[in-house]
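In: coords below, sequence missing:
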């Protein structure tokens with residue numbers, strides 16, 4: 001037979017059904033960032049994709065797990081939706097927080113804490129030996145105002161105020177930007193984004209104080 005016929009016959013064969021993974025990774029990905037998200041399912045042990053779901057809802061993930069029994073470990077981020085879906089669809093599976101999201105959550109928490117309490121950090125002690133002293137630039141008392149968190153706050157603050165000037169309500173702005181109404185309200189009330197980065201938390205007691 002010809003090459004074209006052979007390829008046509010091969011393409012006509014049904015795809016083999018993938019085996020249900022013992023360790024299933026669940027995560028979201030953006031089809032249109034900030035607007036449309038879907039879910040990818042990965043066999044963690046073979047590192048191969050298993051399936052794609054058209055959204056990231058509890059029902060979609062729950063139905064997939066219910067239709068594919070045998071998952072022993074669910075490897076996921078800390079999303080409440082995926083946690084609920086796994087609890088309903090695979091009630092006997094063990095939940096594991098994956099390493100990437102643990103590091104990401106830790107980095108975000110540390111960055112936010114340092115920004116909040118930077119003004120309270122003491123100045124460094126002068127070196128004990130003048131002969132080996134290294135001249136360092138003075139550290140300002142003001143908190144650091146650059147970085148992922150502060151940049152994100154500045155961008156959101158500018159976007160909220162631009163939409164407010166166009167006459168949009170807080171509800172509409174929250175829907176357009178994909179933010180909670182409380183977050184939009186705080187951004188709208190702040191005249192300067194630095195108020196959101198420092199002023200609100202300076203001097204406030206925290207479980208980290210001890």
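Out: On my side now, so go ahead. As the structure is a prediction and not an experimental result, all values here were calculated from the model. Residues are numbered from 1 along each chain as shown.

In: what residues go with each domain of the chain?
Out: As assigned by automatic domain parsing, the chain contains the domains 18-101, 145-197.

In: if we compare these, which one ends up closest to residue 5?
Out: Among those, the nearest to residue 5 by CB to CB is domain 18-101 (27.9 Å). Just so you know, the C-beta spots here come from the backbone N, C-alpha and C atoms, and that holds for glycine as well.

In: Measure how far that closest one is from the centre of its chain, please.
Out: The gap between where domain 18-101 is centred and where its chain is centred comes out at 16 Å by CA atoms, centre = their mean, to the nearest Å.

In: could you give the mean pLDDT of it?
Out: With pLDDT averaged residue by residue, domain 18-101 scores 91.

In: returning to that earlier point: for the domains of the chain, could you give me JSON lines that also reports mean neighbour count and distance to residue 10?
Out: What follows is the domains of the chain, written out as JSON lines (neighbours: other CB atoms under 10 Å; distance: least, CB to CB, whole Å):
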{"stretch": "domain 18-101", "mean neighbour count": "16", "distance to residue 10": "18"}
{"stretch": "domain 145-197", "mean neighbour count": "15", "distance to residue 10": "44"}
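
In: For those domains, please prepare CSV with the additional fields distance to residue 2.
Out: Rendered in CSV, the data for the domains of the chain read as follows (distance: least, CB to CB, whole Å):
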stretch, distance to residue 2
domain 18-101, 31
domain 145-197, 53
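
In: Figure out which of these is closest to residue 116.
Out: Closest to residue 116 of the domains of the chain, according to CB to CB: domain 145-197, at 8.1 Å.

In: Could you pull out the strands in this protein for me?
Out: Remark: strands of the chain, listed N- to C-terminal, are 23-32, 36-43, 48-53, 73-76, 94-97; assignment by DSSP state E.

In: mind putting those strands in a markdown table, distance to residue 13 included?
Out: Listed next are those as a markdown table, based on distance: least, CB to CB, whole Å:
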| stretch | distance to residue 13 |
| --- | --- |
| strand 23-32 | 26 |
| strand 36-43 | 22 |
| strand 48-53 | 19 |
| strand 73-76 | 31 |
| strand 94-97 | 36 |
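
In: Which of the ones you listed sits closest to residue 154?
Out: Evaluated with CB to CB, the strands of the chain place strand 23-32 nearest to residue 154, the distance being 22.0 Å.
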